[in-house]
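1. take this sequence and fold it.
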Amino acid sequence: MAAYVANLVMNAGADFKQSFYLESPISNSVIDLTGFTGICQMKKSPASLNKTAEFVVSFPAPTAGQVLISMASSITSTIKPGRYCYDILLSDTHSNKSRAVEGSIIVTAGISTS
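-> Modelled structure (predicted):
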């Protein structure tokens, strides 16, 4: 599976959700993600030793190739505005790992607070 590049914007202090629908670049058909697990982390740079935050990874429609990353406002509110990088690493039922999505995230500061 080749990594799909997607650059995102996250609003600090707000809930964050982003869905991806994964397709095979060879057959142009959806990838069945049944039984897959995943991790998704963001860092200031790929060389950073410490992650800035970790997303929750879920598969709302695995047979349609859907993977969802999310982060609660309680976590996004702790992230300093700026540019970060992230990726989604998936593991199949045979423990084969592949990077499915990668890119940058721009975190913007909020104005309104609760």
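2. so what are the sheet partners of the longest strand along the chain and their directions?
-> In terms of residue count, the longest strand belonging to the chain (DSSP state E) is strand 97-108. In the sheet, strand 97-108 lines up against strand 4-5 (parallel), strand 8-11 (parallel), strand 82-91 (antiparallel) (DSSP bridges).
3. for the lowest-mean-pLDDT helix or strand in the chain, the distance to its chain's centre please.
-> Least confident helix or strand of the chain, by mean pLDDT, DSSP states H and E, is strand 4-5 with a mean of 90. Computed by Cα atoms, centre = their mean, to the nearest Å, the separation of strand 4-5 from the middle of its chain amounts to 11 Å.
4. does Met42 belong to a helix or a strand, and which?
-> Element membership of Met42, judged by DSSP states H and E, is strand 37-43.
5. now that strand: buried residues?
-> Of the residues in strand 37-43, 38-43 count as buried by neighbour count, 16 or more other Cβ atoms under 10 Å. The way it works is simple: take the backbone N, C-alpha and C, and place the C-beta from them, glycine included.
6. can you list the strands that the helix or strand just after it pairs with?
-> Per DSSP H and E, the first helix or strand lying C-terminal to strand 37-43 is strand 53-58. Here strand 53-58 is paired, per DSSP bridges, with strand 37-43 (antiparallel), strand 66-71 (antiparallel).
7. of all those, which one is nearest Asn28?
-> strand 66-71 (16.4 Å; Cβ to Cβ).
8. pull the distance from that closest one to the chain's centre.
-> On Cα atoms, centre = their mean, the centre of strand 66-71 falls 6 Å from the chain's centre.
9. got the buried residues for that strand?
-> Those would be 66-69, 71, for strand 66-71 by 16+ other Cβ under 10 Å.
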